[in-house]
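Enquirer: using only what follows, build the 3D model:
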Amino acid sequence: MAYVRTADRTLAVFEAFEIARRPMALTELAGRAHIPVSSCHGLVRTLLDRGYLYSLGRRKDVYPTRRLLDVAETIVRHDPLLERIASVLHALRDRTRETIILGKRQGDQVLYLEVIPGLHTVRYMASPGEFKPLHSSSIGKALLGALAPDALAGWLRTHRLPAITARTLVDTKRLEADLALSRSRGYFMTDGENVSDVAALAVILAIHGEVFGLAIAGPTHRMNTRIDANAADLLDAQRTIARIFPQ
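Expert: Coordinates of the predicted model:
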């Protein structure tokens, strides 16, 4: 897929505002977005003309309007997948009180499509649009576990397994054994392998011929006392979604 610099820079502008959380002048915005001032000027002018930014103050600082939020909310409300399983994901969150994540493979990473925050004050935090490694995340393990044996062997043969934490499985044989055990019990698990103090359980979802992963994630000390209960709730959600999208 071709790389489009203008699209990348436009997104970098909004991500710069996400971090700064305040209006910025053109020069500062360009610096934070790592864009040449001349290019940033053109992007800002276009976004002002389209109603995605507005200017204020003597310095002509700029800041995003609600237009981006309104567009995004409309898109999300009509997502053909999330719209149909939203109630299942929220019910799972309510039962477990932990963070619920829906993800899909994109290239050699997991892309988070939906994150429903847990109800505890101390909880696992993530955002839709984040990428995670396949070998160290619970959803990633589920997606690897869904591969045919030859495809999995080929992937493991051609990919390094970098240590994300001290507990990441970086040995191919150990990861293969972990995936085999997970397939036999019906769910996949990480315990401090992607985030040192976070554990997660995940299952495979087959929807319209594509593979997704659904996970429960939370602090290790809490998750490890409720593995069986959380696994039962997760498998129940998997069965419910399978009835919504029969193969």
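Enquirer: pop the domain breakdown of this structure in here.
Expert: Structural domains assigned to the chain are 5-69, 79-244, following automatic domain parsing.
Enquirer: so how far is the least confident helix or strand in the chain by mean pLDDT off the chain centroid?
Expert: Lowest on mean pLDDT, DSSP states H and E among the helices and strands of the chain sits helix 67-77, with a mean of 85. In terms of C-alpha atoms, centre = their mean, to the nearest Å, the centre of helix 67-77 is set 18 Å apart from its chain centre.
Enquirer: what does the helix ranked longest in the chain contact?
Expert: Using DSSP state H to define each element, the chain has its longest helix at helix 227-244. Applying C-beta atoms under 8 Å, 6 or more residues apart in numbering, the contact partners of helix 227-244 are 84-85, 88-89, 91-92, 95-96, 98, 185-187, 189, 201-207, 214-216, 223. Glycine gets a C-beta too; all of them are placed from N, C-alpha and C.
Enquirer: give the buried residues for that helix.
Expert: Asn230, Ala231, Asp233, Leu234, Ala237, Gln238, Ile241 (16 or more other C-beta atoms under 10 Å).
Enquirer: over to stretch 204-213?
Expert: Residues of stretch 204-213 classed as buried by neighbour count (16+ other C-beta under 10 Å): Ile204, Leu205, Ile207, Phe212, Gly213.
Enquirer: give me the mean pLDDT for stretch 185-195.
Expert: When pLDDT is averaged over stretch 185-195, the result is 97.
Enquirer: repeat that for stretch 85-98.
Expert: Here stretch 85-98 scores 96 as its mean pLDDT.
Enquirer: got the CA positions of that stretch in PDB?
Expert: Taking Å, rounded to 0.1, in the frame of the first residue of the first chain, the C-alpha atoms of stretch 85-98 are listed here in PDB:
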ATOM      1  CA  ILE A  85     -21.800  -6.400  18.800                       C
ATOM      2  CA  ALA A  86     -21.600  -3.200  21.000                       C
ATOM      3  CA  SER A  87     -24.100  -4.600  23.500                       C
ATOM      4  CA  VAL A  88     -22.200  -7.800  23.800                       C
ATOM      5  CA  LEU A  89     -18.900  -6.000  24.500                       C
ATOM      6  CA  HIS A  90     -20.500  -3.700  27.100                       C
ATOM      7  CA  ALA A  91     -22.200  -6.600  28.800                       C
ATOM      8  CA  LEU A  92     -18.900  -8.400  29.000                       C
ATOM      9  CA  ARG A  93     -17.300  -5.200  30.500                       C
ATOM     10  CA  ASP A  94     -20.100  -4.900  33.000                       C
ATOM     11  CA  ARG A  95     -19.800  -8.600  34.100                       C
ATOM     12  CA  THR A  96     -16.000  -8.600  34.400                       C
ATOM     13  CA  ARG A  97     -15.500  -4.900  35.300                       C
ATOM     14  CA  GLU A  98     -12.300  -5.000  33.300                       C
END
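Enquirer: just how off-centre is it within its chain?
Expert: 17 Å.
Enquirer: could we number from 351 for the rest of this?
Expert: Happy to do that; since the first residue is 351 now, the last one works out to stretch 435-448.
Enquirer: residues making contact with that stretch?
Expert: Residues contacting stretch 435-448 (C-beta under 8 Å, 6+ apart): 449-450, 452, 464, 466-470, 473-474, 564, 566-568, 572-573, 576, 579-580, 583-584, 587, 590-591, 594.
Enquirer: mind redoing it with 6 Å?
Expert: Ile450, Ile466, Gly468, Leu469, His470, Ile566, Gly568, Asn580, Asp583, Ala587, Thr590, Ile591 (C-beta atoms under 6 Å, 6 or more residues apart in numbering).
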